[in-house]
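**Q** build me a model from this:
(one chain, ligands or ions: 2)
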Amino acid sequence: MSDKNLDNQNPNPDYLLEAQDLKVTFRVPGGKKLHAVDKISLGVRPRETVGLVGESGSGKSTVALTLMRAHEPEGGKIIFGGQDITHLDQKGLMPIRKRLQIVFQDPYSSLDPRWSIRRVISEPLKAHRYGSRREINKRVEELLEQVGLPQDAADRVPSQFSGGQRQRIAVARSLALEPEAIIADEPVSALDVSIQAQIINLLRDLQDRLNIGLLVIAHDLALVHQISDRIIVMYLGEAVEEGPSDDLVGNPQHPYTVALLSATPIPEPGGDRKRIVLTGDPPSPIYRPKGCRFHPRCPIATERCTIEKPPYIEISKDRKVACWQAGEMDAPRDLWALKDVPLPEGVESAKK
Ligand code: ADP
Ligand code: MG
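**A** Ligands and ions are numbered 1, 2, ... in the order given. All right, here's what the predicted structure looks like:
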């Protein structure tokens, strides 16, 4: 199959949330174009968790914000529940906002410091005319319990809570209207490593119990692997590899995926592991390299890679990769043929 199959015209009936060839550019000083997201296609099925991973600056948050219709795409489509919402006006978006929520990275800046937790959590309920004051208060109580916070939290303000607790509050707010899908953009990267696993477990648990489709965005592949059914790897605004979570991590086909895996320090009993450590910063999305956009940092690039851009092709069921050398490289697969990659607890990811 060629990458023509990315040019879907119709919504994929399997998906609750879908992006088709989504393209987002920004104008930067000097009139240049910054290609933040370049023809990404992705989908989240009902009750499925999809991980979107890539280094800082690869365009993940732009994808999230564009799906939420906070940025206007230059091209492509956004589909939710079978409906094309790419150009819906604010009024048309109201019912979608109820069904699709977002949790941001930083619970310090995403919660108004002057508002009581009750007000923070009930704000979406009021905006969507959920019910009487009593019904709203009852819902706030329920939500606090769901995210593991005490009832008396309702009458306190965000500054009285730790980062992890604040992220629980943000999660409670996102759940208020019983959404069908949540986008969580780096939900734990602002938190202490010791707290990260708690929030990840909370998201997992809620997703199981509440049957929510989840798009989890992070720069840490091991963390995304912990929670996702499927993973999409992004580089410079494009998808370079995707597949079922265990398969992608156990059998990476793109050298960038291998590099992301190598960058995560995992404890290993007495042995060297082969690492691909990327040197330098990612190239600028204003001046992107020709050919494969990853070639200047790729340890196995050939001449072809410097000239011709590899197409994003399906290599097996649910597996896609954009690499001329896919499957050719000497990846440290043995080390990653693990069913469960432990969270790098107590260790900061090498990236960011
Ligand atoms: P990530 O979330 O993966 O770190 P972002 O989506 O935040 O990446 O950013 C992708 C690229 O787009 C970066 O080069 C960033 O500087 C640029 N960018 C993001 N938002 C804007 C904006 N509002 N205006 C101009 N450039 C932006
Ligand atoms: Mg981001």
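**Q** now the residue of the chain found nearest ligand 2, nearest residue through space, not along the chain?
**A** Closest residue of the chain to ligand 2, Cβ to the ion: residue 61 (3.2 Å). Every residue, glycine included, has its C-beta placed from N, CA and C. Using Cβ to Cβ, 6 or more residues apart in numbering and skipping residues adjacent in sequence, the residue nearest residue 61 is residue 185, 5.6 Å away.
**Q** that neighbour bridge partners, please.
**A** residue 217 (DSSP bridges).
**Q** what residues sit buried inside the top helix by length along the chain?
**A** The longest helix of the chain (DSSP state H) is helix 193-210. By neighbour count on 16 or more other Cβ atoms under 10 Å, the buried set for helix 193-210 is 195, 196, 197, 198, 199, 200, 202, 203, 204, 206, 207.
**Q** pretty sure the last one sits against residue 46.
**A** No: counting by Cβ atoms under 8 Å, residue 207 stays clear of residue 46, with 11.2 Å between them.
**Q** residues touching the spatially most central residue of the chain, list them.
**A** By Cα atoms, centre = their mean, the chain has its centre lying nearest to residue 217, at 1.9 Å. Each residue near residue 217 by Cβ atoms under 8 Å, 6 or more residues apart in numbering is listed here: 51, 52, 53, 60, 61, 63, 64, 183, 184, 185, 186.
**Q** hmm, try it at 6 Å
**A** 52, 60, 64, 185, 186 (Cβ atoms under 6 Å, 6 or more residues apart in numbering).
**Q** for the host helix or strand of the third one, packing partners?
**A** Spelled out, that is residue 64. Per DSSP states H and E: residue 64 is located in helix 60-67. The helices and strands touching helix 60-67, judged by 3 or more Cβ pairs under 6 Å, 6 or more residues apart in numbering; DSSP states H and E, are strand 32-44, strand 181-185.
**Q** rerun that using 7 Å as the cut-off
**A** In terms of contacts (3 or more Cβ pairs under 7 Å, 6 or more residues apart in numbering; DSSP states H and E), helix 60-67 is packed against strand 17-28, strand 32-44, strand 181-185.
**Q** could the C-alpha coordinates of the longest helix of the chain be exported in CSV?
**A** Provided in CSV are the C-alpha atoms of helix 193-210 (Å, rounded to 0.1, in the frame of the first residue of the first chain):
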residue,chain,number,x,y,z
VAL,A,193,8.8,11.9,39.2
SER,A,194,7.6,10.3,42.4
ILE,A,195,4.0,11.5,41.7
GLN,A,196,4.0,10.7,37.9
ALA,A,197,3.1,7.1,38.3
GLN,A,198,0.1,8.0,40.6
ILE,A,199,-1.4,10.3,38.0
ILE,A,200,-0.7,7.8,35.2
ASN,A,201,-2.5,5.1,37.3
LEU,A,202,-5.4,7.4,37.9
LEU,A,203,-5.8,8.1,34.2
ARG,A,204,-5.6,4.4,33.4
ASP,A,205,-8.1,3.5,36.1
LEU,A,206,-10.6,6.2,35.1
GLN,A,207,-10.2,5.2,31.4
ASP,A,208,-11.1,1.6,32.3
ARG,A,209,-14.0,2.5,34.5
LEU,A,210,-15.5,5.3,32.5
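**Q** about what we covered before: okay, the helices and strands packed on helix 60-67, which one's buried deepest?
**A** strand 181-185 (a mean of 25; mean count of other Cβ atoms under 10 Å).
**Q** name the helices or strands packed onto it?
**A** Strand 181-185 packs on helix 60-67, strand 100-103, strand 213-218, going by 3+ Cβ pairs under 7 Å, 6+ apart.
**Q** what residues does the following helix or strand past the shortest one touch?
**A** Towards the C-terminus, the helix or strand next in line after strand 100-103, according to DSSP H and E, is helix 117-127. Applying Cβ atoms under 7 Å, 6 or more residues apart in numbering, the external contacts of helix 117-127 come out as 111-112, 136, 139-140, 143, 153-156, 169, 172-173, 176-177.
**Q** can you pull the residues of this protein lying near ligand 1?
**A** Along the chain, the residues adjacent to ligand 1 under the rule Cβ under 6 Å from any ligand atom are 26, 28, 34, 36, 54, 56-62, 285.
**Q** columns pLDDT on top of the residues you listed, output as CSV?
**A** Output for the residues of the chain next to ligand 1, formatted as CSV (pLDDT from 0 to 100):
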residue, pLDDT
26, 97
28, 92
34, 97
36, 98
54, 95
56, 91
57, 92
58, 95
59, 97
60, 98
61, 97
62, 98
285, 92
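**Q** tally of neighbours for the residue nearest to residue 150 when sequence neighbours are not counted?
**A** Residue nearest to residue 150 in three dimensions, not counting chain neighbours: residue 144, with 7.2 Å by Cβ to Cβ, 6+ apart. The local packing of residue 144 (other Cβ atoms under 10 Å) involves 21 other residues.
**Q** done for today, thanks.
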